[in-house]
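*Asks:* Provide a 3D model corresponding to the input given below.
(one chain, ligands or ions: 1)
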Amino acid sequence: MASDLTNPILDALSASETILSNEAFPSTPSSTVKSALDRLGSRQMLEYETREKEVITLTAEGQEIAANGSHEAKVFAAVVAAMDGLKIKELPEIVGKDNAKVGQGNAFKRGWIKKDNDLLRATQDSIVDETRELLLTLQRTGALDDGKAITDLKRRKLITPSKEITYKISKGPKFAREFVKEETDLTAEMLTNGSWKTAQLKPYNFNAKGAPTPAGALHPLNKVRQEFRNIFFEMGFEEMPTNRFVETGFWNFDALFVPQQHPARDLQDTFYISDPPTADPPREDPLNDPHRPASTQTGSQTTKEQPLDYQKYWDNVRETHENGKFGSIGYRYPWSADESLRLVLRTHTTSVSTYVLHKLAANPRPARFFSIDRVFRNEAVDATHLAEFHQVEGVIADFGLTLGGLIGFMEVFFAKMGIHQLRFKPAYNPYTEPSMEIFGYHDGLGKWVEIGNSGMFRPEMLESMGLPKDMRVYGFGLSLERPTMIKYILFHVLEFFQIANVFLSLFLFRYAVSNIRELLGHKVDLHFIETNPAVRLEKD
Ligand SMILES: N[C@@H](Cc1ccccc1)C(=O)O
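*Replies:* Numbering: from 1, shown residues only. Have a look, this model is predicted:
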């Protein structure tokens with residue numbers, strides 16, 4: 001800081017009690033003076049008052065006139081110098097074009113010169129150049145008594161009013177001759193070498209604006225997922241391990257009684273793994289099987305467990321598909337073991353539910369399981385579709401369950417998300433009968449929205465696993481993205497605008513949905529993740 005004024009100010013102050021900035025530092029811009037004063041003031045080394053004064057300063061033209069005389073005076077001087085009259089035509093050459101133009105008129109007005117044919121003649125020997133006198137006085141004192149003259153000079157753009165800032169500076173309680181660097185940190189070094197005793201520590205500035213703290217943030221999908229997990233846990237569900245993104249066709253389709261010709265198994269719909277293309281048939285897993293829910297791994301339950309017969313399970317699946325079994329007539333086609341062993345990226349988390357349910361056959365008991373994780377579908381990616389998304393899925397196994405019970409359960413479950421009116425529409429899934437699509441009335445959008453798919457798993461699926469004939473299992477699934485978009489992004493938009501207008505709501509709905517790629521994938525903006533508020537699924 002070469003131009004630092006702090007020490008010059010302190011020097012000036014030590015010589016006199018008060019100083020005026022315009023006297024002590026006449027040519028320093030007031031902003032430079034102020035920043036030095038503030039630095040010293042914050043340490044109470046000085047105090048200062050600010051004085052503002054209206055002053056009049058001369059414009060460039062005003063300064064020119066103060067130095068060399070007015071246009072009219074120059075014209076008069078030229079005419080006098082010509083002794084015997086000055087040719088009008090010659091005036092511009094002598095005094096310059098501008099002076100000739102403005103000055104001639106003014107000199108006539110003041111009666112200093114007169115016309116004599118094509119000559120200009122002086123009417124007197126000398127004149128008083130008032131304009132110049134006024135400007136010189138102004139330059140010296142910064143003021144004029146004559147208001148009319150001021151207005152006139154302003155109109156002629158010879159002067160402009162401006163503000164002059166002066167600081168009246170006096171010593172503060174901590175005045176010192178020198179500006180000592182204050183320590184901002186008490187360091188280990190200062191403690192060991194004893195310099196802390198004499199060090200000047202900078203006081204805390206509690207008014208300083210803090211820098212934003214960089215912190216991690218949860219993705220909206222993660223926040224909504226956590227809300228769902230809480231709902232499931234409070235309803236007595238266990239979480240299923242979902243770490244197998246790659247499954248065989250067996251667990252993803254065949255065990256679910258999805259026929260091998262089903263369009264969902266086409267290359268256009270399902271991603272198949274090429275290396276390795278197939279896996280082993282299902283078999284007993286080691287004890288630390290990640291797909292075993294915690295409760296089936298406990299010691300007390302293992303005592304009751306029956307070993308699972310995988311060969312029998314495999315044969316049951318083949319038979320239910322080919323000729324039917326357990327009261328079913330089957331699909332009646334030659335079932336291919338190779339097709340069943342092909343590896344796929346799981347297309348739904350029902351593959352996980354199937355795996356966990358077949359484990360339940362070792363010790364059949366009422367149970368509730370849920371999962372929330374990623375699934376993959378060979379979709380053309382566009383504004384509303386992604387090739388991967390997340391499913392929220394729940395299954396409930398018990399004896400004597402009815403369809404009415406499933407509907408009742410859904411009402412409780414979705415009410416916890418703030419959706420209080422449900423409608424069920426008959427639907428078809430190869431693995432459930434009956435099947436129902438679930439629609440919820442969205443208050444904010446003012447319309448019915450499809451929110452999920454559900455059903456009661458078929459006996460072809462459950463009995464093949466070895467689950468008891470009288471055990472029933474409900475299942476339901478929904479995407480995580482959809483409620484996130486409706487409940488999270490859109491809901492906040494709606495709340496913000498307090499929107500009751502259905503048309504505008506629908507427009508916003510479309511806008512939110514069109515942004516699915518902003519929610520998941522490479523286009524996600526980290527700023528959006530960081531600045532989004534927390535979410536709660538309950539409406540109020
Ligand atoms: N697997 C179904 C959801 C579902 C799960 C369980 C039972 C019924 C339906 C889907 O992907 O949409």
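
*Asks:* who in the chain is up against the ligand?
*Replies:* His348, Thr350, Glu393, Asn429, Thr432, Asn453, Ser454, Gly455, Gly475, Phe476, Gly477 (C-beta under 6 Å from any ligand atom). C-betas here are computed from N, CA, C, even on glycine.

*Asks:* which residue packs closest to the fifth one, ignoring adjacent ones?
*Replies:* The reference is to Thr432. Gly455 (2.5 Å; C-beta to C-beta, 6 or more residues apart in numbering).

*Asks:* Which single residue in the stretch 101-250 of the chain comes nearest to the ligand?
*Replies:* The stretch 101-250 of the chain approaches the ligand most closely through Met240 (12.3 Å), counting by C-beta to the nearest ligand atom.

*Asks:* how far away is that residue from Val79?
*Replies:* In this view, Met240 and Val79 are 110 Å apart by C-beta to C-beta, to the nearest Å.

*Asks:* And Lys447, by the same measure?
*Replies:* Per C-beta to C-beta, Lys447 is found 93 Å from Val79.

*Asks:* When those two are compared, which one has more neighbours?
*Replies:* In this view Lys447 and Val79 are compared by other C-beta atoms under 10 Å, and Val79 has more residues nearby, 24 against 13.

*Asks:* Phi and psi next, for the more buried one.
*Replies:* Phi and psi for Val79, reported as degrees, to the nearest 10, are phi -70, psi -40.

*Asks:* need the contact list for it.
*Replies:* Neighbouring residues of Val79 by C-beta atoms under 8 Å, 6 or more residues apart in numbering: Gly85, Leu86, Ala107, Trp112, Ile113, Leu120, Arg121, Ala122.

*Asks:* Residue of the stretch 1-150 of the chain nearest the ligand, please.
*Replies:* Residue nearest to the ligand within the stretch 1-150 of the chain: Ser42 (65.4 Å; C-beta to the nearest ligand atom).

*Asks:* Look up the pLDDT of the residue of the stretch 101-250 of the chain closest to the ligand for me, please.
*Replies:* Here the pLDDT value assigned to Met240 is 96.

*Asks:* Repeat that for Asn501.
*Replies:* 40.

*Asks:* May I have the phi/psi pair for the residue of the stretch 1-150 of the chain closest to the ligand?
*Replies:* phi -70, psi -20.

*Asks:* mind checking how far the spatially most distant residue from the centre of the chain is from Ala122?
*Replies:* For the chain, the residue at maximal distance from the C-alpha centroid (C-alpha atoms, centre = their mean) is Asp84, at 84.4 Å. Distance check for Asp84 against Ala122: by C-beta to C-beta, it reads 11 Å.

*Asks:* Could you do Gly41 as well?
*Replies:* 62 Å.

*Asks:* between those two, who's got more neighbours?
*Replies:* Looking at Gly41 and Ala122 with other C-beta under 10 Å, you find the greater number of neighbours at Ala122, namely 22 against 15.

*Asks:* Which residues are in contact with the more buried one?
*Replies:* Phe76, Val79, Val80, Trp112, Ile113.

*Asks:* Tell me which of the residues you listed fall in strands.
*Replies:* Among these, the members found in strands (DSSP state E) are Ile113.

*Asks:* could you dump the contacts of Ala122 to TSV with pLDDT?
*Replies:* Output for the contacts of Ala122, formatted as TSV (pLDDT from 0 to 100):
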residue	pLDDT
Phe76	92
Val79	91
Val80	89
Trp112	93
Ile113	92
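
*Asks:* Of the contacts of Ala122, which is the nearest to Ser464?
*Replies:* Using C-beta to C-beta, Phe76 comes nearest to Ser464 of those, at 121.7 Å.

*Asks:* Excluding chain neighbours, what is closest to the closest one?
*Replies:* Per C-beta to C-beta, 6+ apart, closest to Phe76 is Trp112, 4.8 Å.

*Asks:* nearest spatial neighbour of Leu256, skipping sequence neighbours?
*Replies:* Distances taken as C-beta to C-beta, 6+ apart put Tyr431 closest to Leu256, at 4.0 Å, once the chain neighbours are dropped.

*Asks:* How many neighbouring residues does Arg225 have?
*Replies:* Going by other C-beta under 10 Å, the residues that sit close to Arg225 add up to 18.

*Asks:* C-terminal to the helix or strand hosting it, which secondary structure element comes first?
*Replies:* Using DSSP states H and E, Arg225 falls within helix 220-234. Sequence-wise, the next helix or strand downstream of helix 220-234 (DSSP H and E) is strand 238-239.

*Asks:* Gly249 is in contact with Glu339, correct?
*Replies:* Yes: counting by C-beta atoms under 8 Å, Glu339 touches Gly249, with 5.9 Å between them.

*Asks:* Show me what the helix or strand hosting Gly408 is packed against.
*Replies:* Using DSSP H and E, Gly408 sits in helix 403-415. Secondary-structure packing of helix 403-415 (3 or more C-beta pairs under 8 Å, 6 or more residues apart in numbering; DSSP states H and E): strand 422-429, strand 432-442, strand 447-457, strand 471-479.

*Asks:* Swap in 6 Å and give it another go.
*Replies:* If contacts are counted by 3 or more C-beta pairs under 6 Å, 6 or more residues apart in numbering; DSSP states H and E, helix 403-415 sits against strand 422-429.

*Asks:* now for the helix or strand hosting Leu357, which elements pack on it?
*Replies:* Element membership of Leu357, judged by DSSP H and E, is helix 350-360. Here helix 350-360 touches helix 249-252, strand 367-376, going by 3+ C-beta pairs under 6 Å, 6+ apart.

*Asks:* Quick one: these as TSV, columns for distance to Val95 and mean neighbour count too.
*Replies:* Shown next, in TSV, are the helices and strands packed on helix 350-360 (distance: least, C-beta to C-beta, whole Å; neighbours: other C-beta atoms under 10 Å):
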stretch	distance to Val95	mean neighbour count
helix 249-252	102	25
strand 367-376	90	21
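
*Asks:* Need those in TSV (columns: distance to Thr18 and mean pLDDT).
*Replies:* Output for the helices and strands packed on helix 350-360, formatted as TSV (distance: least, C-beta to C-beta, whole Å; pLDDT from 0 to 100):
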stretch	distance to Thr18	mean pLDDT
helix 249-252	88	97
strand 367-376	74	97
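
*Asks:* List the buried residues for stretch 27-37?
*Replies:* Across stretch 27-37, burial judged by 16 or more other C-beta atoms under 10 Å covers Ser30, Val33, Lys34, Ala36, Leu37.
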